[in-house]
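In: sequence first, then the predicted structure:
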Amino acid sequence: QTPHTGNMRYDDKVKRIPHAALSMEDAMMLARMQARGDRLRIQLKMEARTLPPAKSRNVIAEIRGSEKPEEIVIVSGHIDSWDVGQGAMDDGGGCLAAWEAARLILKSGLKPRRTIRIVLWTNEENGLGGAKQYASRHAADLKNHVLAIESDSGVFKPTGFGFLGSAEGMKVIEGIGGLLAPLKAGKVDKGCRGADVLRLISGGVPVMHLEVERDRYFWYHHTHADTIDKLDVHEFNQCVAALAVMTFVAADLPGGVPR
């Protein structure tokens with residue numbers, strides 16, 4: 001399979017065709033019109049272009065570990081978004097939640113045994129270039145990456161996490177999840193939807209995503225509707241709390257997260 005745009009992939013022998021996505025509101029309006037018998041005729045004016053590659057960078061910050069600084073726990077979101085809307089849920093909110101989780105740990109005065117690394121990935125929306133470069137540049141020390149967490153499902157009310165790693169690692173993560181019972185955000189399911197952190201599994205890194213009540217996520221993402229007014233401050237703060245607890249405890253465990 002060859003280069004792709006969005007979720008479409010092309011074989012080299014197949015001619016590429018334009019494709020477009022409608023917002024939920026527009027699709028529902030068209031469905032109502034069709035249901036009442038209206039004859040639909042749609043004219044699309046598409047101005048999207050694929051421009052030459054341009055340089056961009058991941059944004060990285062660290063809370064240095066007190067005992068095992070060479071061992072890393074990543075908490076992350078992707079900093080790029082579509083050029084419509086504001087990318088508040090996909091994924092500005094995820095970036096800010098990861099950043100605020102780290103700031104909350106700093107503000108509390110807690111000193112993790114391992115280094116907590118905040119990564120705001122670039123180029124997720126257009127090929128995962130930031131994650132691929134990170135995996136390549138850090139190939140030699142991925143063995144020291146204990147865990148990588150990503151928030152990329154919006155910052156709605158958190159419900160838990162998805163985890164991809166060993167059975168022993170799952171038990172440890174489930175134990176940490178128990179601390180989040182007061183938030184009702186401690187459930188841990190198998191699997192990970194964090195597109196960026198999934199690039200690290202080739203190095204054996206256990207990976208996770210923050211799970212949220214995302215039934216509204218596809219109402220907004222990749223459309224003009226993905227704006228800051230969709231962000232509920234209370235739900236956002238709960239996401240920050242869940243990420244902070246999971247990140248700090250994983251970074252501070254004496255034995256780490258088993259691979």
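Out: Received it, and whenever you're ready, just let me know what you need.
In: near the closest residue to residue 139 other than its chain neighbours, how many other residues are there?
Out: Distances taken as Cβ to Cβ, 6 or more residues apart in numbering place residue 203 nearest to residue 139, at 6.5 Å, with adjacent residues excluded. No exception for glycine: its C-beta is placed from N, CA and C like everyone else's. For residue 203, the count of nearby residues is 16 (other Cβ atoms under 10 Å).
In: how about residue 60?
Out: Applying other Cβ under 10 Å, we find 13 residues neighbouring residue 60.
In: also residue 250?
Out: Count around residue 250 with other Cβ under 10 Å applied: 24.
In: what about the helices in the stretch 51-200 of the chain?
Out: Using DSSP state H, counting those that start in this stretch, the helices of the stretch 51-200 of the chain run over residues 93-108, 129-137, 167-177.
In: for these, which one ends up most surrounded?
Out: Comparing these on average neighbours per residue, with mean count of other Cβ atoms under 10 Å, the densest one is helix 93-108 at a mean of 21.
In: report the distance from it to the chain centre.
Out: 14 Å (Cα atoms, centre = their mean, to the nearest Å).
In: who touches that helix?
Out: Residues outside helix 93-108 that contact it (Cβ atoms under 8 Å, 6 or more residues apart in numbering): 61, 63, 75-79, 112, 116, 118-120, 149-155, 210, 231, 236, 239-241, 243-244, 247-248.
In: give me the nearest residue to residue 183, chain neighbours excluded.
Out: That would be residue 238: by Cβ to Cβ, 6+ apart, it lies 5.7 Å from residue 183.
In: wait, the one you found sits on residue 157?
Out: Yes - in this structure, residue 238 is within contact of residue 157 by Cβ atoms under 8 Å, at 6.2 Å.
In: for the two, indicate the residue with more neighbours.
Out: residue 238 (22 against 18).
In: any idea how far residue 100 is from the more buried one?
Out: For residue 238, the distance to residue 100 equals 12 Å [Cβ to Cβ, to the nearest Å].
In: also residue 73?
Out: 16 Å.
In: now the helices of the stretch 51-200 of the chain in CSV, with mean pLDDT?
Out: Converted to CSV, the helices of the stretch 51-200 of the chain look like this (pLDDT from 0 to 100):
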stretch, mean pLDDT
helix 93-108, 97
helix 129-137, 97
helix 167-177, 98
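In: make JSON lines out of those helices and add distance to residue 254.
Out: Shown next, in JSON lines, are the helices of the stretch 51-200 of the chain (distance: least, Cβ to Cβ, whole Å):
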{"stretch": "helix 93-108", "distance to residue 254": "18"}
{"stretch": "helix 129-137", "distance to residue 254": "27"}
{"stretch": "helix 167-177", "distance to residue 254": "11"}
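In: hang on, isn't residue 218 packed against residue 25?
Out: No - counting by Cβ under 8 Å, residue 218 stays clear of residue 25, with 11.9 Å between them.
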